[in-house]
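J.: Below are the sequence and a predicted model; questions follow.
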Amino acid sequence: MQSPTSTDPLQRERDHLAASRAALRAMREDVEALDLSDVTGTWVSAQVLRNQIEQRIAALADLAHTPLFFGRLDYLHAISEELAEGGSGERFYIGRRHVHDADGDPMVIDWRAPVSQPFYRASRKDPLDVEKRRRFGYTGGELTAYEDENLSDPAETDTRSALLAAEIEKPRVGPMRDIVATIQPEQDEIVRADVTGTVCVQGAPGTGKTAVGLHRVAYLLYAHRERLARTGTLVIGPNRSFLQYIEQVLPALGEVDVAQSTVQELVGHVEVRGTDSARSATLKGDARMAEVLRRAVRSGISLPTEPCVVVRGSRRWRVPAYELTEIIEELKSREIRYGAAGEALPQRIAHAVLVKMEHGGEAPDDRVQDAVARNAAVKAVVKECWPPVDPVKLVHRLLSDPEFLAACAEGVLDEEEQRAVLWPRPARSPRTAPWTEADAVLVDEATDLVQRTVSLGHVVVDEAQDLSPMQYRAVGRRCTTGSATVLGDLAQGTTPWATASWDEALHHLGKSAAHVEELTQGFRVPEEVIVYASRLLPAIAPGLAPASSVREAPGSLTVTPVAEGSELVEAVVAACRRALDREGSTGLIAADARLPLLAEALTAAGLPFLAPGDETTAQARLTLVPASLAKGLEYDYVVLDEPAAVVAGEPDERTGLRRLYVALTRAVSGLAVLHAEPLPEQLAGV
Ligand SMILES: Nc1ncnc2c1ncn2[C@@H]1O[C@H](COP(=O)(O)OP(=O)(O)OP(=O)(O)O)[C@@H](O)[C@H]1O
């Protein structure tokens, strides 16, 4: 298949692609040919092996539309084998996965291997021993072009990469794509940051935070596969539509074992059926609640007034009340979970009994200690002094019983705050209680106070700016022994408790040592649109610098006043039609309250539409998006209905303007703003 005689460089690259594809096919066939009939062991272990093999076969699939390699590095000097997946030499093809030939020599190197890193980082200023960097252009699965940078040639100057520009301009039909071929140096720094440290990324809309977070998981899984396979990884997003939008990125990078969840799903100990006022949700999300819960969990601990008398055979052993008190006080002072301390208590009392037995001339062994720990008298002391705590029942009581709350919140919440935290009416039982989302987080905290939450190896939390301190704590306890990647934009915080500073957020997460990186180069929103949206920044996040954009697209922004409110819907539908005449996806974003009206109008106009998170296809390219769900999503064209209504849909002006900022920054190619009411003053006059 290889045609070594070809002098056409493009043909030579195509030959390498064809040979790599054949090698990948051979790798897959090797796995498929594995004969499992001889596998000894249990049925279960055979089944596990079979599953692993199936996964491996799936991972070796040659995806018709994704190029097997997208870059090539020619080094000045030969590279050692340990940096290059067993390969050596000066030339390496960089792709989504490792491919080797029949002799085991690599034909394509995984983008995450150390030898691939200069593909993303090398510059003319710092060529990292790279002589030439080549980027490949594809149409479908066909290699159609390449672009070279001779990094070590002082005569050559920087030009903007046309292939990179084309990649960014590609219409956005379908779910989010990976960006392995075009990760930028400042993004790569975050992607490859050390697994032991937590990284926090502040970035304006479209700077690639989500993309970077997902690629970081893929990188960490490559670099620390065994450790993370054992401990697990998790990606947390704001809602299901968002998770659906991003869910295919990691599988496309060959990583199928990463869990994805919302914070709400993580803390699903109770069925949420109530809602809080902004005030009570903010209070329940306040970190002070952690102290209230800590006291609540320990509120049942009491000190004994009677001795514990254990009868064994003809003898009675007596642990006096003061000694029991010492044991309990010692357990209270230790940093162990309530449940673990409760389990330790009978053993401690039994130990005290054993000491007395020894003094009494007996020689008890461990079995005796266990038996004493199970003795009814010991159990009775434990039940009385260190009663078991059911976290759900405990929080139910805390939110229903003003006196109990007052006792636990003394000096922490004032009276007015306590009233705001209580449910409006006490709930009869935990089963029927009007649990809210914030309550579920309290139950999670209480659960962790009783029994330590299992920590994962790495957690990525996206759109973090919307989390409350108590939610940060919930995320933090899922990575106490691991690390986190925290992604967000303070300007896009739309919850009443939105993050004001990353330092504070990291403190609640339990990762104060993390450093904050900033991404400012925008890949989604065209310059004209981001400049317009950034006019809101002084009002919504005064400290933040506006993002730049890698793309200029003159004419990408239109702002159209409509004289009569009654004509607005019609004008919006017409704008959607115009957008749909172009290639790619269209999102119609509107205040949540205006959705029914617009849905009806679209249906009447014969325009089918999807809900956010539904996958856009070539046939269904229009999505009707409530402003409250627009965060994190993007469309080629956005029609934005009545900005004033988006602002008015929020409890206060700053949150309203932030919601509007989110809506204004979803477009890749064009944004059409239509309004009948006056625009917010910052946006008046284009
Ligand atoms: N290096 C890159 N090369 C090509 N495309 C990129 C690159 N970085 C980001 N993008 C694209 O830019 C778009 C925005 O990225 P992403 O959604 O990750 O941004 P974000 O910072 O999370 O935005 P938001 O704050 O709005 O949630 C996506 O389509 C992403 O694929």
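T.: Structure's in. What do you need?
J.: all strands of the stretch 401-550 of the chain, in order?
T.: 458-461, 483-488, 515-519, 521-522, 548-549 (DSSP state E, counting those that start in this stretch).
J.: In TSV: these, plus distance to the ligand, mean pLDDT and mean neighbour count.
T.: Every residue, glycine included, has its C-beta placed from N, CA and C. Shown next, in TSV, are the strands of the stretch 401-550 of the chain (distance: least, CB to the nearest ligand atom, whole Å; pLDDT from 0 to 100; neighbours: other CB atoms under 10 Å):
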stretch	distance to the ligand	mean pLDDT	mean neighbour count
strand 458-461	11	97	26
strand 483-488	7	97	26
strand 515-519	7	93	16
strand 521-522	8	92	20
strand 548-549	10	90	18
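J.: can you put those strands in a markdown table and add distance to L536?
T.: Formatted as a markdown table, these follow (distance: least, CB to CB, whole Å):
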| stretch | distance to L536 |
| --- | --- |
| strand 458-461 | 25 |
| strand 483-488 | 17 |
| strand 515-519 | 19 |
| strand 521-522 | 15 |
| strand 548-549 | 16 |
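J.: could you list every residue that touches the residue in the stretch 451-600 of the chain that the ligand sits nearest to?
T.: Residue nearest to the ligand within the stretch 451-600 of the chain (CB to the nearest ligand atom): F523, separated by 3.4 Å. F523 makes contacts with 168, 206-208, 549-551, as judged by CB atoms under 8 Å, 6 or more residues apart in numbering.
J.: Most neighbours out of the residues you listed, which is it?
T.: T207 (28 neighbours; other CB atoms under 10 Å).
J.: re earlier: return the subset of the contacts of F523 lying in helices.
T.: I168 (DSSP state H).
J.: Quick check on V639: phi, psi?
T.: With angles defined as degrees, to the nearest 10, V639 sits at phi -110, psi 120.
J.: check contacts around the residue in the stretch 551-686 of the chain that the ligand sits nearest to.
T.: Nearest residue of the stretch 551-686 of the chain to the ligand: G632, at 4.2 Å (CB to the nearest ligand atom). Applying CB under 8 Å, 6+ apart, we find G632 in contact with 210, 237-238, 242, 245-246, 462-463.
J.: Can you pull the poorly scored residue ranges out of the protein?
T.: Within the chain, the stretches falling below the threshold (pLDDT under 70) are 1-5, 35-41, 62-65, 172-173, 686.
J.: The ligand contacts on that one?
T.: 167-168, 177, 179, 182-184, 187, 203, 205-211, 489, 523-524, 632, 634, 665 (CB under 6 Å from any ligand atom).
J.: Narrow the residues you listed to those in strands?
T.: In this view, those that belong to strands under DSSP state E are G203.
J.: circling back to that earlier point, and which of the contacts of F523 is nearest to F609?
T.: G206 (23.4 Å; CB to CB).
J.: ok, that closest one touching A547?
T.: Yes: with contact defined as CB atoms under 8 Å, G206 reaches A547; the gap is 7.1 Å.
J.: list the residues that contact both of those two?
T.: 522, 525, 530.
J.: State the number of residues packed around the second one.
T.: Burial measure for V525: 32 neighbouring residues, criterion other CB under 10 Å.
J.: so what's it up against?
T.: With CB under 8 Å, 6+ apart, V525 has these contacts: 205-206, 533, 547, 549, 665-668.
J.: in the stretch 1-150 of the chain, which spans are helices?
T.: Along the stretch 1-150 of the chain, counting by DSSP state H, counting those that start in this stretch, helices occupy 9-32, 43-59, 117-121.
J.: How about the stretch 551-686 of the chain?
T.: Counting by DSSP H, counting those that start in this stretch, the helices of the stretch 551-686 of the chain are 565-580, 595-604, 643-648, 653-664.
J.: so which of the contacts of V525 is the most crowded?
T.: Neighbour max across the contacts of V525 (other CB under 10 Å) = A667, 31 neighbours.
J.: wait, it sits on Y635?
T.: Yes: assessed by CB under 8 Å, A667 is found in contact with Y635 at 6.4 Å.
J.: joint contacts of those two?
T.: G587.
J.: and which of the contacts of V525 is nearest E583?
T.: V668 (11.2 Å).
J.: what's the burial count for the residue nearest to A145 when sequence neighbours are not counted?
T.: Spatial nearest neighbour of A145, chain neighbours left out: G137 (3.5 Å); criterion: CB to CB, 6 or more residues apart in numbering. When neighbours are counted by other CB under 10 Å, G137 registers 17.
J.: isn't G137 right up against S161?
T.: No: shown here, G137 and S161 do not form a contact pair, counting by CB under 8 Å, at 10.1 Å.
J.: what about P346, helix or strand, and which?
T.: helix 338-359 (DSSP states H and E).
J.: and that helix, what other elements does it pack with?
T.: strand 315-319, helix 321-333, helix 366-373, helix 376-385, helix 437-450 (3 or more CB pairs under 8 Å, 6 or more residues apart in numbering; DSSP states H and E).
J.: can you redo those as JSON lines with mean neighbour count and distance to P67?
T.: JSON lines is the format used below for these (neighbours: other CB atoms under 10 Å; distance: least, CB to CB, whole Å):
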{"stretch": "strand 315-319", "mean neighbour count": "16", "distance to P67": "74"}
{"stretch": "helix 321-333", "mean neighbour count": "15", "distance to P67": "61"}
{"stretch": "helix 366-373", "mean neighbour count": "15", "distance to P67": "64"}
{"stretch": "helix 376-385", "mean neighbour count": "17", "distance to P67": "65"}
{"stretch": "helix 437-450", "mean neighbour count": "24", "distance to P67": "43"}
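J.: Export those as TSV, with columns for distance to D74.
T.: Formatted as TSV, these follow (distance: least, CB to CB, whole Å):
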stretch	distance to D74
strand 315-319	78
helix 321-333	64
helix 366-373	68
helix 376-385	71
helix 437-450	53
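J.: what about those, which gets the closest to L413?
T.: Of all the helices and strands packed on helix 338-359, helix 437-450 comes closest under CB to CB, at 12.9 Å.
J.: Other residues contacting that closest one?
T.: 263-264, 266-270, 272, 274-276, 280-281, 284-285, 289-290, 293-294, 296-297, 337-339, 389, 391-392, 394-395, 398-399, 433, 435, 453, 468, 470-471, 473-474, 477.
J.: Surely R124 and L151 touch.
T.: Yes: the criterion here is CB under 8 Å, and R124 meets it with L151 at 5.6 Å.
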